[in-house]
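**Student:** Fold the following, please.
(2 chains)
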Amino acid sequence: MKITVNGKQRILEKAIAIDELLIVEQAEMPEYVTVQVNDELIDHENFTTTLIKDGDTVEFLYFMGGGQQ
Amino acid sequence: MNLTNEQMERYSRHIILSEVGGKGQKKLLSSKVLIIGTGGLGAPAAVFLGAAGVGTIGLVDFDAVELSNLQRQIIHQTKDVGKPKVQSGKETLQEMNPDVKVVTYQELVNSSNIMDIIKDQDYDFIIDGTDNFPAKFLINDACVMLQKPFSHAGIIRFKGQTMTYLPGEGPCYRCIFNSPPPADAVPTCKQAGVLGVMGGIIGTIQATEALKYILGVGKLLNGYLLTYDALTMEFRKIKLPRNKTCGICGEQPTIKELIDYDQPVCELRR
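**Tutor:** Model (predicted):
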């Protein structure tokens, strides 16, 4: 199946949960990543139960500080 | 207010733009922008807004200029090391453009002063150029409460991102990033480094948003997160949904008062 993660196409063998996808994608600090699937924000508590399916568009949104110092 | 001959010349490249004109330049000269943090993001934002003739610029920063700031904080110079950043910033802006009135606040923003700072000059637009999440959430919540538009941004290493909040339109920062990560969970620029130009690119986008908002032209970054990766030279504009359950701008807000989140002292006293 084909999905899109942060604008890039990915091929997966089967549907996987968000928490697994975060590991596959080597997301930094996965517990603090905001995940959006097909324009919908997913609650962190649903990361283990929400499956990413063929054709889904996933965005990982990261905290970014910086600036002042 | 009529533009003087000197102003006609100074702002001629603005005035010739049909989207700006003399009318738009007068709007800029009577506008007020507050910049919180005069560092990597705030410095270039302030320099361009000052050059553009934004009539009142508020600068908020508690820190003094350090030598390690000068690699990216272009409003400060070598002679300014040790000087309060707001003072150094004010001097640079005034030398650059005498049309600009600079108001300084040498303070750390917190729940007891941020509303007063924003209300002090009834600023039209706020730029978040801070480096820490407690401040970023505080600025978001204060702007939502006061119904003020603001530009959020962050930079680290070779990456940056920015979004704009407009009252009543599109999501706020808290819609997307529910609450601050614990201290030290997310690296800071001091720990991880940042290419000096990142603040220039992203801070200048923040300044662009402020100018567009004041002029009433174009489409702003409300409802979008613009991300930038300097290594791959890729910009991405990610559409963001509004969060109905957002604690501050959702249908049933649970946050009624501003929150001072903990920030370790070592992070504040650099």
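
**Student:** Assign the residue in chain A positioned nearest to chain B to one of the three secondary structure states.
**Tutor:** As assessed by C-beta to the nearest C-beta, chain B sits closest to residue A:64 within chain A, at 2.8 Å. (C-beta placed from N, C-alpha, C; glycine too.) In the three-state summary, residue A:64 is assigned as coil, counting by DSSP: H, G, I helix; E, B strand; the rest coil.

**Student:** What sits closest to it if chain neighbours are left out?
**Tutor:** residue B:154 (2.8 Å; C-beta to C-beta, 6 or more residues apart in numbering or on different chains).

**Student:** just residue B:62 next, same as before
**Tutor:** Residue B:62 sits nearest to residue B:108 (C-beta to C-beta, 6+ apart), 4.4 Å away.

**Student:** What about residue 44, how many residues nearby?
**Tutor:** Answering for chain A, as no chain was given. Number of residues near residue A:44 (other C-beta atoms under 10 Å in any protein chain shown) recorded here: 15.

**Student:** my bad, the chain I had in mind was chain B
**Tutor:** 25.

**Student:** Where does the stretch 151-270 of chain B get nearest to chain A, which residue?
**Tutor:** residue B:154 (2.8 Å).

**Student:** Can you tell me how far that residue is from residue B:136?
**Tutor:** Per C-beta to C-beta, to the nearest Å, residue B:154 is found 8 Å from residue B:136.

**Student:** list residues touching both of these two?
**Tutor:** Shared contacts of residue B:154 and residue B:136 (C-beta atoms under 8 Å, 6 or more residues apart in numbering or on different chains): residue A:65.

**Student:** re the thing from before, parallel or antiparallel, which strands does whichever helix or strand the residue of the stretch 151-270 of chain B closest to chain A is part of pair with?
**Tutor:** Secondary structure assignment for residue B:154, by DSSP states H and E: strand B:150-156. Strand pairing for strand B:150-156, determined by DSSP bridges: strand B:125-128 (parallel), strand B:159-165 (antiparallel).

**Student:** same for the following helix or strand past the shortest one, what does it pack against?
**Tutor:** Tracing the chain C-terminally past strand B:125-128 and defining elements by DSSP H and E, one meets helix B:133-146 next. Using 3 or more C-beta pairs under 8 Å, 6 or more residues apart in numbering or on different chains; DSSP states H and E, the elements in contact with helix B:133-146 are helix B:114-120, strand B:125-128, strand B:150-156, strand B:159-165, helix B:173-176.

**Student:** got the angle between helix B:133-146 and strand B:159-165?
**Tutor:** Orientation check (axes from the mean of the first three to the mean of the last three C-alpha atoms, to 10 degrees): helix B:133-146 against strand B:159-165 gives 20 degrees.

**Student:** if we can go back for a sec, doesn't residue B:177 make contact with the residue nearest to residue A:64?
**Tutor:** No - Residue B:154 lies out of contact with residue B:177 (C-beta atoms under 8 Å); the separation is 10.0 Å.
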